[in-house]
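>>> sequence and predicted structure below; questions after.
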Protein chains: 2
Amino acid sequence: MAGAESLGFKPLYSQVKDTLVQRIADGRWRAGEALPSEMQIAAELGVSQGTVRKALDEMTAAKLLVRQQGRGTFVATHDEARILFQFFKLKPDAADGVFPESEVLGVAEGAATPAEAEKLGLYAGEPVIRIRRLRSLAGRRCIAETIVLPSAMFDGIQVGDIPNNLYDAYAKRFGVTIAGGRETLKAVAATREDAAALGLAPGAPLLLIDRVATSLDGRPMEWRVSLCDTAAMHYAVELR
Amino acid sequence: MAGAESLGFKPLYSQVKDTLVQRIADGRWRAGEALPSEMQIAAELGVSQGTVRKALDEMTAAKLLVRQQGRGTFVATHDEARILFQFFKLKPDAADGVFPESEVLGVAEGAATPAEAEKLGLYAGEPVIRIRRLRSLAGRRCIAETIVLPSAMFDGIQVGDIPNNLYDAYAKRFGVTIAGGRETLKAVAATREDAAALGLAPGAPLLLIDRVATSLDGRPMEWRVSLCDTAAMHYAVELR
DNA sequence: TAGTGGTCTAGACCACTTC
DNA sequence: AAGTGGTCTAGACCACTAG
(Lines give C-alpha, C1' and ligand atoms only; values in the text may rest on other atoms or scores of the structure.)
Protein backbone atom coordinates (compact mmCIF):
# COMPACT_ATOMS: atom_id res chain seq x y z
CA MET A 1 0.00 0.00 0.00
CA ALA A 2 1.20 3.53 -0.78
CA GLY A 3 0.59 6.78 1.04
CA ALA A 4 1.32 5.81 4.63
CA GLU A 5 4.59 7.67 5.16
CA SER A 6 5.06 11.05 6.87
CA LEU A 7 3.11 13.01 9.46
CA GLY A 8 0.28 11.18 11.17
CA PHE A 9 0.15 7.42 11.27
CA LYS A 10 -2.60 5.95 9.12
CA PRO A 11 -3.44 2.28 9.69
CA LEU A 12 -3.25 -0.13 6.79
CA TYR A 13 -6.90 -1.15 7.08
CA SER A 14 -7.85 2.49 6.79
CA GLN A 15 -5.88 2.82 3.58
CA VAL A 16 -7.52 -0.34 2.26
CA LYS A 17 -10.89 1.18 3.11
CA ASP A 18 -10.05 4.41 1.30
CA THR A 19 -9.00 2.41 -1.74
CA LEU A 20 -12.20 0.40 -1.81
CA VAL A 21 -14.44 3.44 -1.20
CA GLN A 22 -12.71 5.21 -4.07
CA ARG A 23 -13.31 2.23 -6.33
CA ILE A 24 -17.01 2.26 -5.49
CA ALA A 25 -17.16 6.01 -6.11
CA ASP A 26 -15.49 5.39 -9.47
CA GLY A 27 -18.18 2.89 -10.37
CA ARG A 28 -15.89 -0.13 -10.42
CA TRP A 29 -18.60 -2.09 -8.63
CA ARG A 30 -22.19 -0.87 -9.01
CA ALA A 31 -24.93 -0.96 -6.39
CA GLY A 32 -25.93 -4.54 -5.69
CA GLU A 33 -22.84 -6.06 -7.28
CA ALA A 34 -20.42 -8.31 -5.42
CA LEU A 35 -16.90 -7.30 -4.45
CA PRO A 36 -14.09 -9.85 -4.78
CA SER A 37 -13.68 -12.16 -1.79
CA GLU A 38 -11.58 -11.12 1.20
CA MET A 39 -8.78 -13.42 0.06
CA GLN A 40 -8.73 -11.97 -3.45
CA ILE A 41 -8.65 -8.37 -2.20
CA ALA A 42 -5.94 -9.26 0.32
CA ALA A 43 -3.81 -10.90 -2.37
CA GLU A 44 -4.27 -7.99 -4.77
CA LEU A 45 -3.39 -5.32 -2.22
CA GLY A 46 -0.66 -7.36 -0.55
CA VAL A 47 -2.14 -7.33 2.95
CA SER A 48 -3.53 -10.02 5.20
CA GLN A 49 -7.12 -11.19 5.18
CA GLY A 50 -7.66 -9.76 8.67
CA THR A 51 -6.72 -6.29 7.52
CA VAL A 52 -9.15 -6.46 4.59
CA ARG A 53 -11.81 -7.74 6.96
CA LYS A 54 -11.42 -4.75 9.26
CA ALA A 55 -11.80 -2.38 6.29
CA LEU A 56 -14.89 -4.23 5.06
CA ASP A 57 -16.38 -4.31 8.57
CA GLU A 58 -16.10 -0.53 8.84
CA MET A 59 -17.69 -0.04 5.44
CA THR A 60 -20.49 -2.38 6.47
CA ALA A 61 -21.04 -0.38 9.65
CA ALA A 62 -21.27 2.75 7.47
CA LYS A 63 -24.03 1.00 5.47
CA LEU A 64 -21.89 1.12 2.35
CA LEU A 65 -21.70 -2.65 2.02
CA VAL A 66 -23.88 -5.61 2.86
CA ARG A 67 -22.18 -8.88 3.76
CA GLN A 68 -23.78 -12.30 3.75
CA GLN A 69 -22.10 -15.35 5.14
CA GLY A 70 -21.64 -17.92 2.43
CA ARG A 71 -22.63 -15.51 -0.38
CA GLY A 72 -20.27 -12.58 -0.52
CA THR A 73 -19.87 -8.83 -0.01
CA PHE A 74 -22.17 -6.50 -1.97
CA VAL A 75 -22.40 -2.77 -2.58
CA ALA A 76 -25.45 -1.51 -0.68
CA THR A 77 -28.43 -0.45 -2.78
CA HIS A 78 -30.87 2.35 -2.03
CA ASP A 79 -33.85 0.05 -1.96
CA GLU A 80 -36.95 1.15 -0.12
CA ALA A 81 -36.14 -0.87 2.97
CA ARG A 82 -32.79 0.87 3.41
CA ILE A 83 -34.21 4.35 2.73
CA LEU A 84 -36.94 3.73 5.26
CA PHE A 85 -34.40 2.68 7.85
CA GLN A 86 -31.63 5.17 7.17
CA PHE A 87 -33.18 8.28 5.65
CA PHE A 88 -36.94 8.45 6.13
CA LYS A 89 -37.67 8.79 9.82
CA LEU A 90 -41.35 9.74 9.68
CA LYS A 91 -43.69 6.98 10.80
CA PRO A 92 -47.48 6.89 11.10
CA ASP A 93 -48.38 7.04 14.80
CA ALA A 94 -50.44 3.89 14.59
CA ALA A 95 -48.45 1.71 12.20
CA ASP A 96 -45.06 0.71 10.97
CA GLY A 97 -43.16 2.78 8.45
CA VAL A 98 -44.12 2.64 4.80
CA PHE A 99 -42.51 4.32 1.83
CA PRO A 100 -44.37 7.54 1.01
CA GLU A 101 -45.92 8.23 -2.41
CA SER A 102 -45.05 11.41 -4.31
CA GLU A 103 -46.71 13.94 -6.64
CA VAL A 104 -44.24 16.16 -8.44
CA LEU A 105 -45.54 19.74 -8.65
CA GLY A 106 -42.71 21.15 -10.71
CA VAL A 107 -39.09 20.99 -11.78
CA ALA A 108 -37.17 24.10 -12.78
CA GLU A 109 -33.58 25.17 -13.29
CA GLY A 110 -32.28 28.43 -11.90
CA ALA A 111 -29.31 30.25 -10.41
CA ALA A 112 -28.32 29.27 -6.88
CA THR A 113 -29.35 31.75 -4.22
CA PRO A 114 -26.73 32.51 -1.55
CA ALA A 115 -28.53 30.14 0.82
CA GLU A 116 -28.60 27.35 -1.74
CA ALA A 117 -24.96 27.92 -2.65
CA GLU A 118 -23.93 27.72 0.99
CA LYS A 119 -25.85 24.51 1.62
CA LEU A 120 -24.52 22.81 -1.51
CA GLY A 121 -20.96 24.14 -1.46
CA LEU A 122 -21.42 26.10 -4.71
CA TYR A 123 -20.88 29.68 -5.72
CA ALA A 124 -24.02 31.84 -5.77
CA GLY A 125 -25.39 31.91 -9.30
CA GLU A 126 -24.24 28.42 -10.31
CA PRO A 127 -27.09 26.48 -11.91
CA VAL A 128 -29.31 24.38 -9.69
CA ILE A 129 -32.40 22.25 -10.24
CA ARG A 130 -35.38 22.75 -7.95
CA ILE A 131 -38.02 20.10 -7.48
CA ARG A 132 -41.31 20.69 -5.65
CA ARG A 133 -43.42 17.74 -4.61
CA LEU A 134 -46.12 16.60 -2.23
CA ARG A 135 -45.79 13.32 -0.41
CA SER A 136 -48.48 11.12 1.06
CA LEU A 137 -48.54 8.53 3.78
CA ALA A 138 -51.50 6.18 4.02
CA GLY A 139 -53.21 8.08 1.22
CA ARG A 140 -53.09 11.44 2.99
CA ARG A 141 -50.96 14.38 1.75
CA CYS A 142 -48.77 15.32 4.68
CA ILE A 143 -45.39 16.51 3.38
CA ALA A 144 -44.57 19.49 1.14
CA GLU A 145 -41.01 19.21 -0.08
CA THR A 146 -38.52 21.37 -1.96
CA ILE A 147 -35.38 19.67 -3.29
CA VAL A 148 -32.38 21.55 -4.66
CA LEU A 149 -29.65 19.82 -6.71
CA PRO A 150 -26.48 21.12 -8.32
CA SER A 151 -27.07 20.94 -12.09
CA ALA A 152 -23.45 19.96 -12.63
CA MET A 153 -24.03 16.59 -10.97
CA PHE A 154 -27.56 15.92 -12.23
CA ASP A 155 -27.51 17.14 -15.78
CA GLY A 156 -30.69 16.76 -17.77
CA ILE A 157 -33.10 15.62 -15.10
CA GLN A 158 -36.69 16.17 -16.34
CA VAL A 159 -40.18 16.56 -14.89
CA GLY A 160 -41.54 13.25 -16.12
CA ASP A 161 -38.29 11.86 -14.91
CA ILE A 162 -38.62 12.19 -11.15
CA PRO A 163 -39.22 8.78 -9.58
CA ASN A 164 -40.54 8.27 -6.11
CA ASN A 165 -37.25 6.84 -4.85
CA LEU A 166 -34.84 9.64 -5.70
CA TYR A 167 -31.69 8.28 -4.08
CA ASP A 168 -31.93 5.12 -6.10
CA ALA A 169 -32.19 7.27 -9.24
CA TYR A 170 -29.20 9.40 -8.23
CA ALA A 171 -27.14 6.22 -8.02
CA LYS A 172 -28.43 4.45 -11.12
CA ARG A 173 -28.75 7.42 -13.47
CA PHE A 174 -26.08 9.83 -12.30
CA GLY A 175 -23.60 7.66 -10.42
CA VAL A 176 -24.12 9.71 -7.27
CA THR A 177 -24.19 7.60 -4.10
CA ILE A 178 -25.89 9.29 -1.16
CA ALA A 179 -24.02 7.94 1.85
CA GLY A 180 -25.26 10.11 4.70
CA GLY A 181 -26.48 13.52 5.69
CA ARG A 182 -27.46 15.95 8.37
CA GLU A 183 -30.94 17.11 9.31
CA THR A 184 -32.09 20.01 11.46
CA LEU A 185 -35.65 20.10 12.75
CA LYS A 186 -37.85 22.98 13.86
CA ALA A 187 -41.52 23.51 14.61
CA VAL A 188 -42.99 26.29 12.45
CA ALA A 189 -46.40 27.76 11.71
CA ALA A 190 -47.88 26.98 8.29
CA THR A 191 -47.92 29.86 5.82
CA ARG A 192 -51.02 30.35 3.71
CA GLU A 193 -49.45 28.44 0.80
CA ASP A 194 -48.16 25.55 2.93
CA ALA A 195 -51.54 25.28 4.62
CA ALA A 196 -53.35 25.21 1.29
CA ALA A 197 -51.06 22.55 -0.13
CA LEU A 198 -51.55 20.29 2.88
CA GLY A 199 -55.22 21.05 3.50
CA LEU A 200 -54.65 22.73 6.86
CA ALA A 201 -55.50 26.03 8.49
CA PRO A 202 -52.87 28.78 8.20
CA GLY A 203 -50.73 28.89 11.33
CA ALA A 204 -51.07 25.16 11.97
CA PRO A 205 -47.90 23.70 13.51
CA LEU A 206 -45.63 21.92 11.00
CA LEU A 207 -42.39 20.03 11.44
CA LEU A 208 -39.71 21.58 9.24
CA ILE A 209 -36.94 19.17 8.25
CA ASP A 210 -33.89 20.72 6.61
CA ARG A 211 -31.59 18.04 5.14
CA VAL A 212 -28.25 18.24 3.39
CA ALA A 213 -27.40 14.81 1.95
CA THR A 214 -23.81 13.95 1.17
CA SER A 215 -22.04 11.57 -1.20
CA LEU A 216 -19.34 9.01 -0.46
CA ASP A 217 -16.64 11.65 -0.11
CA GLY A 218 -18.81 13.82 2.14
CA ARG A 219 -19.58 16.51 -0.43
CA PRO A 220 -23.14 17.93 -0.29
CA MET A 221 -25.25 16.66 -3.18
CA GLU A 222 -28.82 17.58 -2.24
CA TRP A 223 -30.59 20.16 -0.11
CA ARG A 224 -34.09 19.19 0.87
CA VAL A 225 -36.62 21.09 2.98
CA SER A 226 -39.71 19.15 4.05
CA LEU A 227 -42.73 20.61 5.81
CA CYS A 228 -44.64 17.86 7.57
CA ASP A 229 -48.06 17.72 9.17
CA THR A 230 -47.34 15.59 12.23
CA ALA A 231 -50.94 15.33 13.43
CA ALA A 232 -50.98 11.59 12.71
CA MET A 233 -47.29 10.83 12.30
CA HIS A 234 -44.01 11.40 14.12
CA TYR A 235 -40.29 11.65 13.49
CA ALA A 236 -38.47 8.75 15.19
CA VAL A 237 -34.93 8.92 16.57
CA GLU A 238 -32.92 6.15 18.20
CA LEU A 239 -30.50 7.37 20.86
CA ARG A 240 -27.52 5.03 21.13
CA MET B 1 -17.45 -19.70 29.11
CA ALA B 2 -20.82 -21.22 29.97
CA GLY B 3 -24.14 -20.93 28.22
CA ALA B 4 -23.14 -21.41 24.59
CA GLU B 5 -24.61 -24.85 24.01
CA SER B 6 -27.83 -25.70 22.15
CA LEU B 7 -30.16 -23.83 19.82
CA GLY B 8 -28.72 -20.78 18.12
CA PHE B 9 -24.99 -20.29 17.94
CA LYS B 10 -23.72 -17.47 20.14
CA PRO B 11 -20.16 -16.26 19.53
CA LEU B 12 -17.67 -16.30 22.36
CA TYR B 13 -16.99 -12.57 22.15
CA SER B 14 -20.69 -11.96 22.51
CA GLN B 15 -20.78 -14.01 25.70
CA VAL B 16 -17.75 -12.13 26.98
CA LYS B 17 -19.60 -8.88 26.25
CA ASP B 18 -22.70 -10.05 28.11
CA THR B 19 -20.55 -11.00 31.09
CA LEU B 20 -18.84 -7.60 31.18
CA VAL B 21 -22.09 -5.64 30.69
CA GLN B 22 -23.63 -7.58 33.55
CA ARG B 23 -20.67 -6.76 35.78
CA ILE B 24 -21.05 -3.07 35.01
CA ALA B 25 -24.79 -3.27 35.70
CA ASP B 26 -23.95 -4.95 39.01
CA GLY B 27 -21.69 -2.06 39.93
CA ARG B 28 -18.47 -4.06 39.88
CA TRP B 29 -16.82 -1.14 38.10
CA ARG B 30 -18.35 2.29 38.58
CA ALA B 31 -18.57 5.10 36.03
CA GLY B 32 -15.08 6.43 35.27
CA GLU B 33 -13.27 3.46 36.77
CA ALA B 34 -10.84 1.30 34.82
CA LEU B 35 -11.55 -2.27 33.79
CA PRO B 36 -8.74 -4.84 34.01
CA SER B 37 -6.47 -4.99 30.97
CA GLU B 38 -7.37 -7.12 27.95
CA MET B 39 -4.82 -9.72 28.97
CA GLN B 40 -6.18 -9.97 32.51
CA ILE B 41 -9.78 -10.34 31.33
CA ALA B 42 -8.71 -12.90 28.73
CA ALA B 43 -6.82 -14.93 31.33
CA GLU B 44 -9.70 -14.78 33.82
CA LEU B 45 -12.33 -15.87 31.30
CA GLY B 46 -10.08 -18.36 29.53
CA VAL B 47 -10.32 -16.82 26.06
CA SER B 48 -7.81 -15.13 23.79
CA GLN B 49 -6.98 -11.45 23.87
CA GLY B 50 -8.51 -10.97 20.42
CA THR B 51 -11.87 -12.26 21.61
CA VAL B 52 -11.87 -9.89 24.59
CA ARG B 53 -10.88 -7.07 22.27
CA LYS B 54 -13.87 -7.69 20.02
CA ALA B 55 -16.20 -7.59 23.02
CA LEU B 56 -14.61 -4.36 24.30
CA ASP B 57 -14.76 -2.80 20.83
CA GLU B 58 -18.50 -3.42 20.61
CA MET B 59 -19.06 -1.96 24.05
CA THR B 60 -17.02 1.07 23.05
CA ALA B 61 -19.14 1.50 19.91
CA ALA B 62 -22.23 1.38 22.15
CA LYS B 63 -20.70 4.26 24.19
CA LEU B 64 -20.54 2.05 27.26
CA LEU B 65 -16.76 2.20 27.52
CA VAL B 66 -14.03 4.66 26.67
CA ARG B 67 -10.65 3.27 25.66
CA GLN B 68 -7.38 5.19 25.65
CA GLN B 69 -4.21 3.84 24.16
CA GLY B 70 -1.54 3.58 26.83
CA ARG B 71 -3.99 4.26 29.70
CA GLY B 72 -6.69 1.65 29.85
CA THR B 73 -10.39 0.93 29.40
CA PHE B 74 -12.87 2.95 31.45
CA VAL B 75 -16.59 2.82 32.13
CA ALA B 76 -18.17 5.79 30.32
CA THR B 77 -19.47 8.61 32.50
CA HIS B 78 -22.51 10.80 31.86
CA ASP B 79 -20.46 13.96 31.79
CA GLU B 80 -21.88 16.99 30.03
CA ALA B 81 -19.85 16.41 26.89
CA ARG B 82 -21.30 12.95 26.42
CA ILE B 83 -24.88 14.03 27.22
CA LEU B 84 -24.55 16.85 24.72
CA PHE B 85 -23.35 14.46 22.05
CA GLN B 86 -25.57 11.46 22.72
CA PHE B 87 -28.77 12.71 24.34
CA PHE B 88 -29.28 16.45 23.96
CA LYS B 89 -29.77 17.23 20.29
CA LEU B 90 -31.04 20.80 20.53
CA LYS B 91 -28.53 23.40 19.41
CA PRO B 92 -28.78 27.18 19.20
CA ASP B 93 -29.07 28.13 15.52
CA ALA B 94 -26.10 30.46 15.70
CA ALA B 95 -23.71 28.62 18.01
CA ASP B 96 -22.40 25.29 19.13
CA GLY B 97 -24.26 23.18 21.64
CA VAL B 98 -24.09 24.07 25.30
CA PHE B 99 -25.55 22.27 28.27
CA PRO B 100 -28.91 23.82 29.23
CA GLU B 101 -29.65 25.23 32.67
CA SER B 102 -32.69 24.05 34.61
CA GLU B 103 -35.31 25.42 37.03
CA VAL B 104 -37.24 22.75 38.84
CA LEU B 105 -40.91 23.71 39.16
CA GLY B 106 -42.02 20.75 41.19
CA VAL B 107 -41.54 17.12 42.19
CA ALA B 108 -44.43 14.90 43.22
CA GLU B 109 -45.17 11.25 43.64
CA GLY B 110 -48.34 9.67 42.32
CA ALA B 111 -49.93 6.60 40.81
CA ALA B 112 -48.95 5.76 37.24
CA THR B 113 -51.57 6.62 34.65
CA PRO B 114 -52.17 4.00 31.96
CA ALA B 115 -50.01 6.03 29.56
CA GLU B 116 -47.16 6.30 32.06
CA ALA B 117 -47.40 2.63 32.90
CA GLU B 118 -47.21 1.67 29.24
CA LYS B 119 -44.19 3.89 28.58
CA LEU B 120 -42.30 2.64 31.65
CA GLY B 121 -43.32 -1.02 31.55
CA LEU B 122 -45.23 -0.80 34.85
CA TYR B 123 -48.75 -1.68 35.93
CA ALA B 124 -51.17 1.26 36.11
CA GLY B 125 -51.27 2.54 39.66
CA GLU B 126 -47.68 1.70 40.56
CA PRO B 127 -45.96 4.67 42.18
CA VAL B 128 -44.09 7.12 39.95
CA ILE B 129 -42.23 10.37 40.54
CA ARG B 130 -43.06 13.34 38.31
CA ILE B 131 -40.64 16.23 37.83
CA ARG B 132 -41.56 19.49 36.10
CA ARG B 133 -38.85 21.86 35.04
CA LEU B 134 -38.01 24.70 32.69
CA ARG B 135 -34.74 24.69 30.80
CA SER B 136 -32.83 27.60 29.35
CA LEU B 137 -30.32 27.93 26.57
CA ALA B 138 -28.25 31.11 26.32
CA GLY B 139 -30.24 32.59 29.21
CA ARG B 140 -33.61 32.18 27.49
CA ARG B 141 -36.31 29.80 28.77
CA CYS B 142 -37.12 27.59 25.81
CA ILE B 143 -37.98 24.08 27.06
CA ALA B 144 -40.82 22.95 29.36
CA GLU B 145 -40.19 19.41 30.48
CA THR B 146 -42.07 16.70 32.36
CA ILE B 147 -40.08 13.69 33.58
CA VAL B 148 -41.66 10.52 34.94
CA LEU B 149 -39.64 7.92 36.87
CA PRO B 150 -40.63 4.62 38.45
CA SER B 151 -40.42 5.14 42.23
CA ALA B 152 -39.10 1.63 42.67
CA MET B 153 -35.85 2.54 40.95
CA PHE B 154 -35.46 6.08 42.27
CA ASP B 155 -36.60 5.85 45.85
CA GLY B 156 -36.47 9.03 47.91
CA ILE B 157 -35.60 11.58 45.25
CA GLN B 158 -36.45 15.09 46.57
CA VAL B 159 -37.16 18.56 45.21
CA GLY B 160 -33.94 20.17 46.41
CA ASP B 161 -32.31 17.07 45.10
CA ILE B 162 -32.72 17.46 41.36
CA PRO B 163 -29.42 18.39 39.72
CA ASN B 164 -29.13 19.82 36.25
CA ASN B 165 -27.44 16.68 34.90
CA LEU B 166 -30.01 14.01 35.76
CA TYR B 167 -28.40 11.01 34.04
CA ASP B 168 -25.22 11.52 36.01
CA ALA B 169 -27.32 11.52 39.19
CA TYR B 170 -29.21 8.37 38.16
CA ALA B 171 -25.86 6.60 37.83
CA LYS B 172 -24.15 7.98 40.93
CA ARG B 173 -27.07 8.01 43.34
CA PHE B 174 -29.27 5.16 42.17
CA GLY B 175 -26.94 2.90 40.20
CA VAL B 176 -29.10 3.30 37.09
CA THR B 177 -27.08 3.61 33.89
CA ILE B 178 -28.98 5.21 31.01
CA ALA B 179 -27.52 3.53 27.93
CA GLY B 180 -29.87 4.63 25.15
CA GLY B 181 -33.39 5.56 24.27
CA ARG B 182 -35.95 6.37 21.68
CA GLU B 183 -37.44 9.75 20.84
CA THR B 184 -40.47 10.68 18.77
CA LEU B 185 -40.91 14.24 17.55
CA LYS B 186 -43.99 16.20 16.56
CA ALA B 187 -44.88 19.82 15.91
CA VAL B 188 -47.72 20.99 18.15
CA ALA B 189 -49.48 24.25 19.00
CA ALA B 190 -48.75 25.72 22.45
CA THR B 191 -51.57 25.46 24.97
CA ARG B 192 -52.28 28.49 27.16
CA GLU B 193 -50.17 27.03 30.00
CA ASP B 194 -47.24 26.04 27.78
CA ALA B 195 -47.29 29.46 26.16
CA ALA B 196 -47.32 31.22 29.52
CA ALA B 197 -44.43 29.13 30.83
CA LEU B 198 -42.28 29.89 27.79
CA GLY B 199 -43.39 33.47 27.26
CA LEU B 200 -45.09 32.83 23.93
CA ALA B 201 -48.47 33.41 22.39
CA PRO B 202 -50.98 30.54 22.69
CA GLY B 203 -50.97 28.47 19.50
CA ALA B 204 -47.29 29.14 18.80
CA PRO B 205 -45.59 26.13 17.15
CA LEU B 206 -43.56 24.00 19.57
CA LEU B 207 -41.41 20.93 19.01
CA LEU B 208 -42.67 18.09 21.19
CA ILE B 209 -39.99 15.53 22.07
CA ASP B 210 -41.22 12.32 23.67
CA ARG B 211 -38.34 10.23 25.02
CA VAL B 212 -38.19 6.86 26.71
CA ALA B 213 -34.68 6.29 28.07
CA THR B 214 -33.49 2.76 28.75
CA SER B 215 -30.91 1.18 31.03
CA LEU B 216 -28.12 -1.26 30.16
CA ASP B 217 -30.51 -4.17 29.81
CA GLY B 218 -32.93 -2.17 27.66
CA ARG B 219 -35.63 -1.69 30.30
CA PRO B 220 -37.36 1.74 30.28
CA MET B 221 -36.19 3.88 33.19
CA GLU B 222 -37.46 7.36 32.35
CA TRP B 223 -40.23 8.94 30.30
CA ARG B 224 -39.60 12.55 29.39
CA VAL B 225 -41.76 14.92 27.38
CA SER B 226 -40.12 18.20 26.33
CA LEU B 227 -41.88 21.13 24.67
CA CYS B 228 -39.37 23.31 22.88
CA ASP B 229 -39.55 26.74 21.37
CA THR B 230 -37.44 26.28 18.25
CA ALA B 231 -37.52 29.91 17.12
CA ALA B 232 -33.78 30.28 17.75
CA MET B 233 -32.70 26.65 18.06
CA HIS B 234 -33.03 23.38 16.20
CA TYR B 235 -32.92 19.63 16.75
CA ALA B 236 -29.92 18.12 14.94
CA VAL B 237 -29.80 14.60 13.49
CA GLU B 238 -26.90 12.87 11.76
CA LEU B 239 -27.95 10.40 9.06
CA ARG B 240 -25.36 7.67 8.68
C1' DT C 1 10.94 1.37 31.32
C1' DA C 2 6.85 -1.11 31.98
C1' DG C 3 2.19 -1.51 30.87
C1' DT C 4 -1.73 -0.30 28.10
C1' DG C 5 -4.43 -0.42 23.91
C1' DG C 6 -3.88 -0.56 18.45
C1' DT C 7 -2.34 -2.90 14.30
C1' DC C 8 -1.02 -6.73 11.49
C1' DT C 9 -0.20 -11.36 10.40
C1' DA C 10 -0.95 -16.47 9.69
C1' DG C 11 -3.54 -20.25 10.24
C1' DA C 12 -7.35 -23.23 11.93
C1' DC C 13 -11.94 -24.21 12.17
C1' DC C 14 -17.11 -23.09 11.95
C1' DA C 15 -21.53 -21.54 9.65
C1' DC C 16 -23.79 -20.78 5.58
C1' DT C 17 -24.83 -20.76 0.54
C1' DT C 18 -24.54 -22.62 -3.83
C1' DC C 19 -23.85 -26.05 -7.18
C1' DA D 1 -17.79 -30.34 -2.40
C1' DA D 2 -16.23 -25.82 -2.95
C1' DG D 3 -16.31 -21.14 -1.81
C1' DT D 4 -17.88 -17.43 1.02
C1' DG D 5 -17.88 -14.75 5.32
C1' DG D 6 -17.55 -15.39 10.72
C1' DT D 7 -15.01 -16.80 14.80
C1' DC D 8 -11.02 -17.82 17.51
C1' DT D 9 -6.31 -18.23 18.53
C1' DA D 10 -1.28 -17.01 19.14
C1' DG D 11 2.20 -14.09 18.57
C1' DA D 12 4.79 -10.01 16.88
C1' DC D 13 5.36 -5.35 16.77
C1' DC D 14 3.80 -0.30 17.12
C1' DA D 15 1.91 3.97 19.51
C1' DC D 16 0.97 6.02 23.60
C1' DT D 17 0.92 7.00 28.74
C1' DA D 18 2.78 7.15 33.11
C1' DG D 19 6.12 6.59 36.69
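Now that the structure is in, tell me what you want to look at. Residues are numbered from 1 along each chain as shown, chains lettered A, B, ... in the order given.

>>> for stretch A:149-161, buried residues please.
By 16 or more other CB atoms under 10 Å in any protein chain shown, the buried positions in stretch A:149-161 come out as A:L149, A:P150, A:S151, A:M153, A:F154, A:I157. All C-beta spots, glycine's among them, are computed from the backbone N, C-alpha and C.

>>> gap between the closest residue to the third one other than its chain neighbours and DNA strand C?
Closest residue in space to A:S151, ignoring its immediate chain neighbours: A:P127 at 3.9 Å, by CB to CB, 6 or more residues apart in numbering or on different chains. Counting by CB to the nearest atom of the strand, to the nearest Å, the gap between A:P127 and DNA strand C amounts to 42 Å.

>>> can you check A:D57 too?
The spacing between A:D57 and DNA strand C, counted by CB to the nearest atom of the strand, is 11 Å.

>>> widest-spaced pair of the buried residues of stretch A:149-161?
Across the buried residues of stretch A:149-161, the longest distance by CB to CB is 11.1 Å; it joins A:P150 and A:I157.

>>> what's the overlap in contacts for the two?
Common neighbours of A:P150 and A:I157, counting by CB atoms under 8 Å, 6 or more residues apart in numbering or on different chains, are A:I129.

>>> contacting residues around A:I178?
A:H78, A:F87, A:Y167, A:Y170, A:A171, A:A213, A:T214, A:S215, A:M221, A:E222.

>>> for it, phi and psi?
The phi/psi pair for A:I178 (degrees, to the nearest 10) reads phi -80, psi 120.

>>> need the pLDDT of the nearest residue to A:P92 once chain neighbours are set aside.
Of all residues beyond its chain neighbours, the one nearest A:P92 is A:M233 (5.1 Å), with distances taken as CB to CB, 6+ apart. Per-residue confidence (pLDDT) for A:M233: 96.

>>> distance of A:M233 from B:A190?
Per CB to CB, to the nearest Å, A:M233 is found 20 Å from B:A190.

>>> surely A:C142 forms part of a helix?
No: A:C142 is assigned strand when assessed by DSSP: H, G, I helix; E, B strand; the rest coil, not a helix.

>>> quick check: it touching A:S102?
No: in terms of CB atoms under 8 Å, A:C142 does not count as a neighbour of A:S102; the distance is 11.8 Å.

>>> overlap of the contact sets of the two?
Taking CB under 8 Å, 6+ apart as the criterion, A:C142 and A:S102 both touch A:R135, A:S136.

>>> around chain B, pick out the residues from chain A.
Neighbours of chain B within chain A, by CB under 8 Å from any CB of the partner chain: A:62-63, A:86-87, A:89, A:180-189, A:203-208, A:210-211, A:213, A:228, A:230, A:234-240.

>>> swap in 7 Å and give it another go.
A:62, A:86-87, A:180-189, A:203, A:205-207, A:230, A:234-240 (CB under 7 Å from any CB of the partner chain).

>>> can you flag the buried ones in the residues you listed?
For the residues of chain A next to chain B, buried by 16+ other CB under 10 Å: A:86-87, A:180-181, A:183-189, A:205-207, A:230, A:234-235, A:237, A:239.

>>> looking at A:C142 and A:S102, which is more packed in?
A:C142 (26 against 18; other CB atoms under 10 Å in any protein chain shown).

>>> in strands, which of the residues of chain A next to chain B fall?
Within those, residues falling in strands by DSSP state E are A:180-189, A:205-207, A:234-239.

>>> buried set for stretch A:213-226?
A:A213, A:T214, A:S215, A:L216, A:P220, A:M221, A:E222, A:W223, A:R224, A:S226.

>>> tell me if I'm right that the fifth one and A:E118 touch.
No: checked against CB atoms under 7 Å, the pair A:P220 and A:E118 is beyond contact range at 9.6 Å.

>>> pull up the overlap in contacts between the two.
Common contacts of A:P220 and A:E118 (CB atoms under 7 Å, 6 or more residues apart in numbering or on different chains): none found.

>>> report the contact partners of A:E116.
Residues in contact with A:E116 (CB under 7 Å, 6+ apart) are A:V128, A:V148, A:W223.

>>> bridging residues for the second one?
With DSSP bridges as the criterion, the beta-bridge partners of A:V148 are A:R130, A:W223.

>>> for DNA strand D, see how far away it is.
38 Å.

>>> kindly report the same for the first one.
The gap separating A:V128 from DNA strand D is 40 Å, by CB to the nearest atom of the strand.

>>> any chance you could list what contacts the helix or strand harbouring that residue?
Assigned by DSSP states H and E, A:V128 falls within strand A:127-137. Residues outside strand A:127-137 that contact it (CB under 7 Å, 6+ apart): A:92, A:98, A:100-112, A:116, A:141-151, A:154, A:157, A:162, A:197, A:233.

>>> among the residues you listed, name the ones in helices.
Judged by DSSP state H, helices contain the following of the contacts of strand A:127-137: A:E116, A:A197.

>>> filter the contacts of strand A:127-137 to the buried ones?
A:100, A:102, A:104, A:107, A:112, A:116, A:141-145, A:147-151, A:154, A:157, A:162, A:197, A:233.

>>> and the residue nearest to the spatial centre of chain A, what are its bridge partners?
Geometric centre of chain A, nearest residue: A:I178, 3.8 Å, by CA atoms, centre = their mean. In this entry, A:I178 is beta-bridged to A:S215, by DSSP bridges.

>>> give me the pLDDT value at it.
A:I178 carries a pLDDT value of 97.

>>> one more: A:E116?
Note for A:E116: predicted pLDDT of 98.
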